[in-house]
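Colleague: Give me coordinates for this.
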Amino acid sequence: MACLSRMKHFYSIMILLVLLDTRGYVSGFVSASKPHPQRALDCPQRSSAALTMTSVESRADDTKTSPVISPQEEKVYALLTELSNSRFAFRIVVVGNGAILESTNMLGPTIKLSQSPATGANLATFASDDQSFEFHLMIAQVSKVAMVEKASPVKEGKMMRILRFLNREEKSICSLILAEESTDAAEWYQKLLTEHGPEMIFIRNVSQTN
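Modeller: Sure, this is the predicted structure:
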């Protein structure tokens, strides 16, 4: 009987130890399933406001497009692109209020369409690779381009091949004089003249419509 009593006591102790050990495993499992405070600091949750702002900015980036231009501006820009693609140099003459600017350059190689941050007007911009030369033209101001070919008053035997850009009041915006005297340049100008005629009218004035 004494032996049986000792065996029951032994098994009771073993069962108690097993139960205590199992509770330890369970508590360890529960604690491991909780997020670690340091881990939470390392990976902060983004607020819904931040997510909304990010999505708005992404949509704003996706909607960035070229300026909206009118049919008249589109035609002027197409002509300017044709002049730029010729890769010929032009004598650019701009007569301002109290100043005259003259410069001989290719119209490019960069040509782009943008909006003036000051006025919102659409601009066609010609620029050299290093941007040491830039020429901006408000394309909405161009009412007509006249092509004029005449003998140079300065150099005998030289022909001046000119494109005059005029506004609604028939006043000069600028003149582009073909600087090259090669046969290729002369043939290109004649082809442009044949294709478009001596006057390219983009906006008809009131006097022209009556």
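Colleague: I'd say residue 129 and residue 106 touch.
Modeller: No: using CB atoms under 8 Å, residue 129 and residue 106 do not qualify as a contacting pair, with a distance of 10.4 Å. C-beta coordinates here come from the backbone N, C-alpha and C atoms, glycine included.
Colleague: between the two, which one's more packed in?
Modeller: Shown here are residue 129 and residue 106; by other CB atoms under 10 Å, residue 106 has more neighbours (16 against 9).
Colleague: Mind listing the residues bridging to that one?
Modeller: On the basis of DSSP bridges, residue 106 is bridged to residue 89.
Colleague: Kindly report the same for residue 112.
Modeller: residue 125.
Colleague: Let me see the contact set for it.
Modeller: 124-125, 127 (CB atoms under 8 Å, 6 or more residues apart in numbering).
Colleague: at 10 Å what do you get?
Modeller: Applying CB atoms under 10 Å, 6 or more residues apart in numbering, one finds that residue 112 lies in contact with 66, 123-127.
Colleague: Would you mind checking those residues for buried ones?
Modeller: Neighbour-count burial (16 or more other CB atoms under 10 Å) applied to those gives 123-127.
Colleague: Can I get those in CSV including distance to residue 98 and pLDDT?
Modeller: Below are these laid out as CSV (distance: CB to CB, whole Å; pLDDT from 0 to 100):
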residue, distance to residue 98, pLDDT
123, 23, 96
124, 25, 96
125, 24, 96
126, 24, 96
127, 26, 96
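Colleague: Closest one to residue 93 out of the residues you listed, please.
Modeller: Ranked by distance to residue 93 (CB to CB), those are led by residue 126 at 14.7 Å.
Colleague: Give me the distance between that closest one and residue 183.
Modeller: 25 Å (CB to CB, to the nearest Å).
Colleague: on that earlier part again, format the buried ones among the contacts of residue 112 as CSV; extra columns: distance to residue 88.
Modeller: CSV is the format used below for these (distance: CB to CB, whole Å):
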residue, distance to residue 88
123, 22
124, 17
125, 18
126, 13
127, 17
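Colleague: Perfect, that will be all.
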